[in-house]
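Enquirer: Predicted model and sequence follow; I will ask about them next.
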Amino acid sequence: GAVVSQHPSRVICKSGTSVKIECRSLDFQATTMFWYRQFPKQSLMLMATSNEGSKATYEQGVEKDKFLINHASLTLSTLTVTSAHPEDSSFYICSATAGFGYNSPLHFGNGTRLTVT
Amino acid sequence: AQSVTQPDIHITVSEGASLELRCNYSYGATPYLFWYVQSPGQGLQLLLKYFSGDTLVQGIKGFEAEFKRSQSSFNLRKPSVHWSDAAEYFCAVGIKAAGNKLTFGGGTRVLVKP
């Protein structure tokens, strides 16, 4: 089956530093990737949608300058949390799909636990 | 605005007992519906989905769900729960016009007693 690899699985960084999270589709070409944020014991909130070769589309309320998304190839999207603060601590999950339509399967990564100290 | 509600935050069930997780949605358009399962510290795994046709959908791991348009519901069921079913379950809803963008419910945490 289609596999999405997310790296790192856990990261701890100091306040004010930046951290990059990678999302890779290992055995398919991902035309679209999604980034979600999940607070403890809460649901997934969509942060942004990224299409290969174009700028990401951010959801309302998500700071695009703080959460930089790059989808430079059909197998890799990155989320960079810039100037991280403790309130950015969260579980970040990516998903990827090979198609554009509503019935194109979504494949999820295993998530990245970010802790900002 | 569209919304997805999972009324039960926690459910505790004995191993071998039946399980039903509720999901209600509010959408202006015809939705398509999903149930996902998330183990601790993991991503999401698709259990089943409904696009059209038969309103009773079979999924993996012995799960099924029934779409009831009149009740705007898509409840998930399993006849006999196994200890490995302990996890967080999310209902998600999308519409064709939004492509793969999904709205997730708040989740239901299932605990399984031996």
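Expert: Ah, there it is.
Enquirer: From here on, just use CA atoms for contacts and neighbour counts.
Expert: Will do.
Enquirer: partner residues bridging residue B:93?
Expert: Beta bridges link residue B:93 to residue B:33, residue B:103, judged by DSSP bridges.
Enquirer: Point out where chain B drops to low pLDDT.
Expert: B:1 (pLDDT under 70).
Enquirer: Verify the stated contact: residue B:77 with residue B:65.
Expert: Yes. Contact criterion Cα atoms under 8 Å: residue B:77 and residue B:65 qualify, at 5.9 Å.
Enquirer: of the two, who's got more company?
Expert: residue B:65 (27 against 18; other Cα atoms under 10 Å in any protein chain shown).
Enquirer: Which strands and helices lie in contact with the helix or strand harbouring that one?
Expert: Using DSSP states H and E, residue B:65 sits within strand B:64-68. Contacting strand B:64-68 under the criterion 3 or more Cα pairs under 8 Å, 6 or more residues apart in numbering or on different chains; DSSP states H and E are the following elements: strand B:44-50, strand B:56-58, strand B:73-78.
Enquirer: closest to residue A:112 out of the ones you listed?
Expert: Nearest of the helices and strands packed on strand B:64-68 to residue A:112, taken as Cα to Cα: strand B:44-50 at 12.7 Å.
Enquirer: what about dumping the CA coordinates of that closest one to CSV?
Expert: Output of strand B:44-50 as CSV, limited to C-alpha atoms (Å, rounded to 0.1, in the frame of the first residue of the first chain):
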residue,chain,number,x,y,z
LEU,B,44,-4.5,8.0,10.8
GLN,B,45,-5.6,4.8,9.2
LEU,B,46,-8.7,4.6,7.1
LEU,B,47,-11.3,2.2,8.4
LEU,B,48,-14.0,2.8,5.7
LYS,B,49,-15.5,5.4,3.5
TYR,B,50,-18.9,6.2,1.9
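Enquirer: middle-most residue in chain A, spatially?
Expert: By Cα atoms, centre = their mean, chain A has its centre lying nearest to residue A:35, at 3.5 Å.
Enquirer: so that residue bridges to which residues?
Expert: When bridges are called by DSSP bridges, residue A:35 pairs up with residue A:48, residue A:94.
Enquirer: what do you get for residue B:10?
Expert: Counting by DSSP bridges, residue B:10 is bridged to residue B:109.
Enquirer: What's the local residue count around it?
Expert: There are 13 residues near residue B:10, going by other Cα under 10 Å.
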